[in-house]
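In: next comes the sequence, and after it the predicted model I'd like to discuss.
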Protein chains: 2
Amino acid sequence: MAAMFRKMVIAGVGLIGGSMALAMRERGLVEEVVGYGRGEKNLRVALKKGMIDGYFLRAEEIPNRTDFLVLGTPVQSTAPLAEEFLPHLEQGCIVSDVGSVKAMIVRDMEKILPRTIPFVGAHPIAGSERAGAAAANAELFVGARCIVTPTARTPPQALARVRALWEGVGARVEVMTPAAHDRTLAWTSHLVHALAYALVRGLDAADPTLLAGGGPSLRDATRVAASPAELWRDIFLDNADAVGDAIGHFAGELARLRDAIAAGDATALQALLDAAVLAKRRSENLS
Amino acid sequence: MAAMFRKMVIAGVGLIGGSMALAMRERGLVEEVVGYGRGEKNLRVALKKGMIDGYFLRAEEIPNRTDFLVLGTPVQSTAPLAEEFLPHLEQGCIVSDVGSVKAMIVRDMEKILPRTIPFVGAHPIAGSERAGAAAANAELFVGARCIVTPTARTPPQALARVRALWEGVGARVEVMTPAAHDRTLAWTSHLVHALAYALVRGLDAADPTLLAGGGPSLRDATRVAASPAELWRDIFLDNADAVGDAIGHFAGELARLRDAIAAGDATALQALLDAAVLAKRRSENLS
């Protein structure tokens, strides 16, 4: 088929942006990929690995005829970066992102961009604690979920193209409102990261040798605590209400367990654990 | 070499007991393995899979000349089961266990057993959310830690044999006091399981579809919540003080994160996350 996009600019050629570039090129979904970023070293890695055809370092140097701009930077940089690019974007260029928080970004982007430069929010759920272009791979999105968050203002054509691109690289696309996305992710991802960070802090404070000595369950539970701090600081702050809510509810569940343990109440404890085991096993049959 | 044990009885041929049987037979560390349990169906699976040479269903039927008895049942069944076996054990038989909690078990066993039937507490850290003989495998302990918890009363000979057996199946043996074991495991394992159970309960309460929809981080964080509820009820209750302490400290760390998020305090939040990332990465270089 004809390439879906002519010239794609990826601002932030990290794990996600770099993998998009590789996956789209390999599948013929884009003709030309140009990288943008502040770290020239990372861009040179991306160029050498064949992810991008070239790169630029200042927003005003964005190539002519760019028809797809992907903002792949940490979530609090997305809107400021769009403002930098805006004077140099051509009509009809579609702007998208890959951020883990959507309500704030979508609201900001719809304020900044004119209707002739449509924004389509997207969030491929395929991150990892690894970062940078060096960790990118063309199969990262195969079988992964990608949540796309259009609003009443999103042109159906632009939505269809972004959706098709994600399906083209192997993702299972789901459409949600930005708010529903943020509530869902607060539970399924942001809370999980908060727990991992808190667990590592607690272990390290209790005895710094504990972290290296655990078994597989500890390794799994703390894996994402190696994720970049700045990235997650911004995600937590951008989705503060929903994350605070999820942490609060979680803390209540943990207190219930703790109380049953402290009371030596085997019946209550068993009931709490039974319900969890049942829910977990049910979810495994569904997923 | 000559087999280390002549006749081993495994009471509870589950994941750990079944894997011990397979691993020890394969490496010539035992001549004969006999299973004991209340579920005949599971014992038949073990027999069919060649884990055991035979089985019995009542404690008084324990074979003559048994020189090694491994209690592989949930932790609160260990002492009552030892009492059932005691009248039928021969002098010099070594008794051991594989329980995730040690102080209470070691204390109880040293009360129940005479000095002529030595107890050596052991905890191979190689569990999984999978259970039963069907999940057993001969390589389960290769590279895993096994904590052995002797006391002043433990005969050095008995300790040496249990230690050699675990090293023989590939484990890295560490010696700790029962209390040190329990404090360590409260943090590195029991807390991790409590978090997984609480997380699954929270997600399920918020929206039962969330659990099936998450990405790799959620799957990893909730994996052990499929672990048998009875087993973990007993572990939590047997190690209640240390587990309550670890949950309390963890809750404090989580509250610190939550407060920084709620206050929108980027500097404080970044400092908390930076420390966690640093500790996690340092531990990866050590392990």
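Out: That came in fine, so what should we check first?
In: what is the end-to-end distance of stretch A:87-97?
Out: Stretch A:87-97 stretches 18 Å from its first residue to its last (CA to CA, to the nearest Å).
In: flag every buried residue along it.
Out: Buried residues in stretch A:87-97, defined by neighbour count with 16 or more other CB atoms under 10 Å in any protein chain shown: A:88-89, A:93-97. For glycine as for every other residue, the C-beta is placed from the backbone atoms N, C-alpha and C.
In: what count of nearby residues applies to residue A:56?
Out: 16 (other CB atoms under 10 Å in any protein chain shown).
In: and the residue of the stretch 1-150 of chain A that's closest to chain B?
Out: Here the residue of the stretch 1-150 of chain A nearest chain B is residue A:125; by CB to the nearest CB that distance is 4.2 Å.
In: after whichever helix in chain A runs longest, next one along is what?
Out: The helix that spans the most residues within chain A, counting by DSSP state H, is helix A:240-262. The helix or strand immediately downstream of helix A:240-262 is helix A:266-286, counting by DSSP states H and E.
In: hmm, back to that, pull out the buried positions in the longest helix of chain A.
Out: Judged by neighbour count using 16+ other CB under 10 Å, the buried positions of helix A:240-262 are A:240, A:242-247, A:249-251, A:253-254, A:257-258, A:260-261.
In: over to stretch A:192-209?
Out: Of the residues in stretch A:192-209, A:192-204, A:206 count as buried by neighbour count, 16+ other CB under 10 Å.
In: buried sites along the strand or helix carrying residue A:182?
Out: In the assignment (DSSP H and E), residue A:182 maps to helix A:178-185. Within helix A:178-185, the residues that qualify as buried are A:178, A:181-185, counting by 16+ other CB under 10 Å.
In: so which residues make contact with the helix-or-strand element of chain A with minimal mean pLDDT?
Out: Among the secondary structure pieces of chain A, namely its helices and strands, helix A:210-213 has the lowest mean (mean pLDDT, DSSP states H and E), a mean of 89. Residues external to helix A:210-213 that are found in contact with it (CB atoms under 8 Å, 6 or more residues apart in numbering or on different chains): A:200, A:203-204, A:218, A:222, B:145, B:184, B:187-188, B:279-280, B:282-284, B:286-287.
In: one more time with 10 Å
Out: Taking contacts as CB atoms under 10 Å, 6 or more residues apart in numbering or on different chains, the residues outside helix A:210-213 that touch it are A:199-200, A:202-204, A:207, A:218-219, A:222, A:225, B:125, B:145, B:147, B:174, B:183-188, B:279-280, B:282-287.
In: is chain B contacted by the helix holding residue A:182?
Out: Yes - using CB under 10 Å from any CB of the partner chain, helix A:178-185 comes into contact with chain B via A:183-185.
In: that helix packs against which elements?
Out: Other helices and strands packing on helix A:178-185, by 3 or more CB pairs under 10 Å, 6 or more residues apart in numbering or on different chains; DSSP states H and E, are helix A:103-112, strand A:122-125, strand A:145-148, strand A:172-175, helix A:229-238, helix A:240-262, helix B:210-213.
In: run the last query once more with 7 Å
Out: helix A:103-112 (3 or more CB pairs under 7 Å, 6 or more residues apart in numbering or on different chains; DSSP states H and E).
In: okay, buried residues for the helix it packs on please.
Out: The neighbour-count check on helix A:103-112 (16+ other CB under 10 Å) flags A:103-106, A:108-110, A:112 as buried.
In: do the same with stretch A:166-176
Out: Going through stretch A:166-176 with 16+ other CB under 10 Å, the ones that come out buried are A:166, A:168-171, A:173-174, A:176.
In: and that stretch, how far out from the chain middle?
Out: In terms of CA atoms, centre = their mean, to the nearest Å, the centre of stretch A:166-176 is set 14 Å apart from its chain centre.
In: would you put the C-alpha positions of it in PDB?
Out: As requested, C-alpha coordinates have been extracted for stretch A:166-176 and formatted as PDB (Å, rounded to 0.1, in the frame of the first residue of the first chain):
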ATOM      1  CA  TRP A 166      -1.300   2.100  15.300                       C
ATOM      2  CA  GLU A 167      -3.200  -0.900  13.900                       C
ATOM      3  CA  GLY A 168      -0.600  -1.000  11.200                       C
ATOM      4  CA  VAL A 169       2.300  -1.500  13.700                       C
ATOM      5  CA  GLY A 170       0.400  -4.300  15.400                       C
ATOM      6  CA  ALA A 171      -1.400  -2.500  18.300                       C
ATOM      7  CA  ARG A 172      -4.900  -3.200  19.500                       C
ATOM      8  CA  VAL A 173      -6.500   0.300  19.400                       C
ATOM      9  CA  GLU A 174      -9.100   1.400  21.900                       C
ATOM     10  CA  VAL A 175     -10.900   4.700  21.800                       C
ATOM     11  CA  MET A 176     -11.700   6.500  25.100                       C
END
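In: so for it, mean pLDDT?
Out: On average, the pLDDT along stretch A:166-176 is 97.
In: likewise stretch A:233-247?
Out: Over the span of stretch A:233-247, the pLDDT mean works out to 96.
In: quick check, that stretch touching chain B?
Out: Yes - shown here: stretch A:233-247 in contact with chain B (CB under 7 Å from any CB of the partner chain) through A:233, A:236-237, A:240, A:243-244, A:247.
In: do stretch A:98-109 as well
Out: No - using CB under 7 Å from any CB, no contact is recorded between stretch A:98-109 and chain B, whose separation bottoms out at 10.3 Å.
In: what lies in contact with that stretch?
Out: With contact meaning CB atoms under 7 Å, 6 or more residues apart in numbering or on different chains, stretch A:98-109 is reached by A:16-17, A:70, A:72, A:75, A:78-79, A:82, A:95, A:97, A:119, A:121-124, A:149, A:151, A:178-179, A:181-182, A:185, A:189, A:235, A:238-239.
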